[in-house]
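[1] return atomic coordinates for the entry below.
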Amino acid sequence: NRESWFLAFIMDTNEEERAKGITVEVGKAHFETEVKRYTILDAPGHKNYVPNMIQGASQADIALLVISARKGEFETGFDRGGQTREHAMLAKTLGVSYLVVAVNKMDEPTVQWSKQRFDECVNKIRPFLKSCGFVIKREVKFIPISGLGGANVKQEVSPAVCPWWKESYTSGENNTTSSTLLGLLDTLTIEGRNPTAPFRMPVMDRYTDRGTIAMGKVESGVIRPGMKVTVMPTRNEYKVDEVYVNEDRVSAARPGENVLVKLNGARTEDVRKGFVICTPPNCRAVDRLICNIAILDMPDNQKIMTAGFQCMFHAHTCEEECTVVKIFETTNERGKVVKGARFGGIGMRAVVMLQLAQTAPIETFNDFAFLGRFTLRTEGKTIAIGKVTKLPPKKE
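    Now for the predicted structure:
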């Protein structure tokens, strides 16, 4: 039912993905422009693989939400139960700085670079992105592209094909500062990276190649060969043998880099997805936490959240089963606060205590925002987003 899979095969490299024709794992690739080095994380869009998407998106600085301009396809993705909504909301929860909305398939016969269709897609998605917490003027950019033909990706679309785009972006109507996708990405600046803070790197994956190598993104601090690091929550200490960026050996890596770290003396089972590699003061490893959550949805068979409610807890690259132990207070949509509430419902914010099945490396949102954000999911739905406000006192 498709013209061709050839572009999908660039990132979908394993057998399962090629047979099904959908992305399952987070694909990785690198490219450079004259200004910056980029790592692409190709996250799955299918609802069965949202946990993989969360782990990929938690490492991103910029989210590129590709929506289809083809009649019917945009509506399917955006209607209730469609994936466009969930992905946009997760991107905001996972701490992405910018959202670039690329309206793809503009060259399709039913669209033919129509300004009317582009505006229709933009106007439908704008209020929803606002409700997710995006500041539209500052954090969201809209751009029409054709992925198959490459128009507006690297080269600007010719004015003969699309006469309205030139005046649209020069007037700043869509918050874009450049007429092409790559040009736009080059102009975005990422803030909040601190190379002087303690080192933190959530492990996205690991493999063996004459020693154990951990993959992940440096979130804060700097890593160099020869450094001593601790892997949380196991508290094992290792020496860093080598650091690689884009498969090249480097003498140091700063925040924002996707790196491979070779750990001296570590076995494959000592480093797992969801662990955090850090330097003192070490990352906390806890199985209880107090947090603020916003309840967005609930399973069909259980419309309220009470003590004892069970779901999956996703923070950075870690995934754990968890139980709501206690609800301290809830705030409804009108702002009415109920202390010691018995339950919470859709649309409410709540302060709750969660009990995790196993200890997980987590920090409070105020100390390290990227280790303090999380999502709660169950039965294939994202039911709540939240941030960690308090951890148990440290044991001496």
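[2] what does the helix or strand hosting residue 377 rub up against?
    Per DSSP states H and E, residue 377 falls inside strand 373-378. Strand 373-378 is contacted from outside by 50-51, 54, 58, 90, 93-95, 291, 293, 299, 310-316, 322, 362, 365, 382-388, using Cβ atoms under 8 Å, 6 or more residues apart in numbering. Where you see a C-beta, it was placed from the backbone N, CA and C, and this is true even at glycine.
[3] and residue 100, how far from residue 291?
    30 Å (Cβ to Cβ, to the nearest Å).
[4] higher neighbour count, the two?
    The neighbour comparison of residue 100 against residue 291 (other Cβ atoms under 10 Å) goes to residue 291, with 25 against 20.
[5] and that one, what does it touch?
    351, 352, 353, 354, 374, 386, 387, 388, 389, 390.
[6] same deal with residue 93?
    Here residue 93 is in contact with 373, 375, 385 (Cβ under 8 Å, 6+ apart).
[7] could you measure from the first one over to residue 125?
    Spatial separation of residue 373 from residue 125 under the definition Cβ to Cβ is 23 Å.
[8] kindly report the same for the second one.
    Using Cβ to Cβ, we find residue 375 at a distance of 21 Å from residue 125.
[9] cool, residue 28 as well?
    Following Cβ to Cβ, the distance that separates residue 28 from residue 125 is 27 Å.
[10] quick one on the thing from earlier: write a PyMOL command that selects only the buried members of the contacts of residue 291.
    Selection of buried members from the contacts of residue 291 for PyMOL, criterion 16 or more other Cβ atoms under 10 Å:
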select buried, resi 351+352+353+354+374+386+387+388
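[11] now the contacts of residue 291 as CSV including secondary structure and pLDDT?
    Below are the contacts of residue 291 laid out as CSV (DSSP: H, G, I helix; E, B strand; the rest coil; pLDDT from 0 to 100):
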residue, secondary structure, pLDDT
351, strand, 96
352, strand, 96
353, strand, 96
354, strand, 97
374, strand, 93
386, strand, 92
387, strand, 93
388, strand, 96
389, strand, 96
390, strand, 95
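[12] okay, the contacts of residue 291 in a markdown table with distance to residue 194 next?
    As requested, the contacts of residue 291 are exported to a markdown table (distance: Cβ to Cβ, whole Å):
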| residue | distance to residue 194 |
| --- | --- |
| 351 | 28 |
| 352 | 30 |
| 353 | 30 |
| 354 | 27 |
| 374 | 21 |
| 386 | 23 |
| 387 | 19 |
| 388 | 19 |
| 389 | 21 |
| 390 | 22 |
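[13] fine, thanks again, bye for now.
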